[in-house]
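Novice: task: produce atomic coordinates for the following.
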Amino acid sequence: MNIKELKNIKNDTLVENLTGWVDTIRDHGGLTFIDLRDYESFIQLIIDKKLIDELKIKNEFYISVTGIFKNRDENLINKKQEFGTYEIHVKEINIINKSKNLPFQIEDGIETDESIRLKYRYLDLRRNEMKQNILARSKVFKSIRNVMNNLNILEIDTPTLIKSTPEGAKDFLVPSRKNPGTFYALPQSPQMYKQLFMMSGFPNYYQIAKCYRDEDSRKDRQPEFTQLDLEFSNSNPKIVKEKLEIIVQHIFAEAFDLKINIPFKSLSFTEAINLYGTDKPDLRITETINDATDIFINTSITFVKDSINNSGVFKYLFTKNILSRKEIDELEIQSKELGSNGLGWIKSENNELTGPLVKFLNEQESSFIKSFGKGTFLFQVGNLNDISKTMDFLRTTLFSKTEQNEHIFLWIEDFPYFEIDNGILQPSHHPFTSPNNIHEFENNPLEALALHYDLVLNGVELGSGSQRINNPDLQTLVLKKWGLSEDEIQNRFGWFIEALSYGTPEHAGFAIGIDRLVAEVMRQPSIRDVIPFPKTQSGMDPLTDAPTKLDKELLKEYNIKVIEDNEQ
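Specialist: Model prediction:
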């Protein structure tokens, strides 16, 4: 019997075989009080102390009790617990299983090293705050399937042993025992397979998909993660975004009992960088980054003038707080860590300006800063892409969010198609994205835009989507622009380009990171806290000690030789 079933029990009724964990033990003279906990509830037990001492019961013993269900005295009611109005006067206890001494307490808010929590994850998940995260994840899965059924979107699965076709991160490789010297890869995403479904004549597709990327872990990244993957035939970004808004609205209502309004606001990539310094802005902070390039174009501040004359921009923020020199120095240290050459600042108070640059200001510049009133004027000057990270940092550090529990969604679109990475031209996203203008893509690739769109929630990128390339010649051109030779294209993607050659309809899709979504709504600092069995930042699993070295005989069976450090 579980605790929830007690809802239908009347006072002074005999309850048999009520099971759960011993959560807390409190001695009160001849009686002992135990909070019994099962997977979703608590109830207080009252037991003769002699019986407890005889059985030597400790925390986290799993027990079964028989006793009388009683209403508590009014002055003893625990209003914080669902069953705090009741208690069980125990007649009999049966120890189903004992527990060793715990590595940490099963309670919320513990300050225990994460590696210890992950090593004993099955105990960590007994804690209510962790349990609620996993239950929220389960509710999201359920709500996804419900809304997909309502929208008549087909759930189809894709293989997890595929050909290695790097999409940005490194692949996890799987050796083939039957084909010596060859390897499968685990999918970074189901990208090409879901496009194959559109080529195969299916109208749509979705999957709650496992994805694998061998990359450095951060708080919002894991080697193995879960995404909601979608694709629609005869579609375009407008149609996909409309469907996504309906899906997300349903998930929030059903899984979290939260109301969100649609349609979501949209910004271009350029607008986002100019206004917020990032392509994933948190709109709960209402202040935006401002431009004063025109005001300072004839300045006497040498480094500002030189930068503006070299196509630089002057970006500023104004806070109504008078920052101390210590606060400014701390901001400057962090700004330099983001690549800034330094932090420009001027204080304004009582119609007077102070700071190391004040003596270089002309009348127009002084009047401009004084017009804001009392506060601190902070600025960066340079190439927009170079200073945007610092401006984003200053904005999110200096200004507070309007409402912590608010959920503001935002579409970011019109991304640059290419970026320069270590001197090499590469797609900013995966190379199956259609260009917005094919002529510009061919002749001026650095100015070309992609039919790509991101969904952002409170400063977190939830996912990305795009119009896909459905023409084999254009797909080949994109891969050539990516820097692949004819042979590399044929070897890596020849089978996919061949598939595009048989009357492929236009199609578009999207993928939402379920881990990120749940972490943001549950206000968790890391997606590791909403994944049942995650890895550490170094990619290790403390629970099982994976990854581990394999026996030499087993390696031989798979035709693998491990190169030791001293052999390199």
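Novice: which helix or strand in the protein has the lowest average pLDDT?
Specialist: strand 424-427 (a mean of 74; mean pLDDT, DSSP states H and E).
Novice: give the buried residues for the helix or strand following that strand.
Specialist: Going down the chain from strand 424-427, the next helix or strand is helix 438-443, by DSSP states H and E. By neighbour count with 16 or more other CB atoms under 10 Å, helix 438-443 contains the buried residues Phe441. The C-beta positions use only the backbone N, C-alpha and C, and glycine is treated the same way.
Novice: listing partners with orientation, what would you give for the least confident helix or strand of the chain?
Specialist: Partners of strand 424-427 in the sheet, by DSSP bridges, are strand 418-421 (antiparallel).
Novice: now the partner strand: buried residues?
Specialist: Judged by neighbour count using 16+ other CB under 10 Å, the buried positions of strand 418-421 are Phe418.
Novice: let's number from 124 now, not from 1
Specialist: Got it, first residue is 124 now, which makes that one strand 541-544.
Novice: now what about that strand, what contacts it?
Specialist: The contact list for strand 541-544, computed with CB atoms under 8 Å, 6 or more residues apart in numbering, reads 548-551, 568-569, 571, 604.
Novice: one more time with 6 Å
Specialist: The contact list for strand 541-544 (CB atoms under 6 Å, 6 or more residues apart in numbering) reads 548, 551, 568-569.
Novice: for ChimeraX, what selects the buried ones among those?
Specialist: Only the buried entries of these go into this ChimeraX selection, using 16+ other CB under 10 Å:
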select :551,568
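Novice: tell me which of the contacts of strand 541-544 is nearest to Ile191?
Specialist: Ser551 (67.9 Å; CB to CB).
Novice: what strands line up against the longest strand anywhere in the chain, and which way round?
Specialist: Longest strand in the chain, counting residues (DSSP state E): strand 136-151. Sheet pairing of strand 136-151 (DSSP bridges) gives strand 154-160 (antiparallel), strand 185-194 (antiparallel).
Novice: what helices or strands is the next helix or strand after the first one leaning on?
Specialist: For strand 154-160, the following helix or strand on the C-terminal side (DSSP H and E) is strand 165-171. Packed against strand 165-171, as judged by 3 or more CB pairs under 6 Å, 6 or more residues apart in numbering; DSSP states H and E, are the following elements: strand 154-160, strand 209-220.
Novice: before we move on, back to that, looking at pLDDT only, which of the contacts of strand 541-544 scores worst?
Specialist: Note: of these, the lowest pLDDT belongs to Leu548, at 71.
Novice: roughly how far apart are that one and Lys301?
Specialist: Per CB to CB, to the nearest Å, Leu548 is found 39 Å from Lys301.
Novice: returning to that earlier point: for Pro648, find the nearest of the helices and strands packed on strand 165-171.
Specialist: Closest approach to Pro648 among these (CB to CB): strand 154-160, 25.3 Å.
Novice: quick one: residues in contact with that closest one.
Specialist: 143-149, 165-170, 172, 175.
Novice: before we move on, back to that, can you say which of the helices and strands packed on strand 165-171 is packed in most?
Specialist: By mean neighbour count, with neighbours taken as mean count of other CB atoms under 10 Å, strand 154-160 ranks first of those at a mean of 19.
Novice: extract the C-alpha trace of that one and format it as PDB.
Specialist: Taking C-alpha atoms only, strand 154-160 is exported to PDB below (Å, rounded to 0.1, in the frame of the first residue of the first chain):
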ATOM      1  CA  LEU A 154       7.600   7.000  21.800                       C
ATOM      2  CA  THR A 155       9.400   7.400  18.500                       C
ATOM      3  CA  PHE A 156       8.100   9.500  15.600                       C
ATOM      4  CA  ILE A 157       9.100   8.400  12.100                       C
ATOM      5  CA  ASP A 158       8.400  10.300   8.900                       C
ATOM      6  CA  LEU A 159       7.700   7.600   6.300                       C
ATOM      7  CA  ARG A 160       8.400   8.600   2.700                       C
END
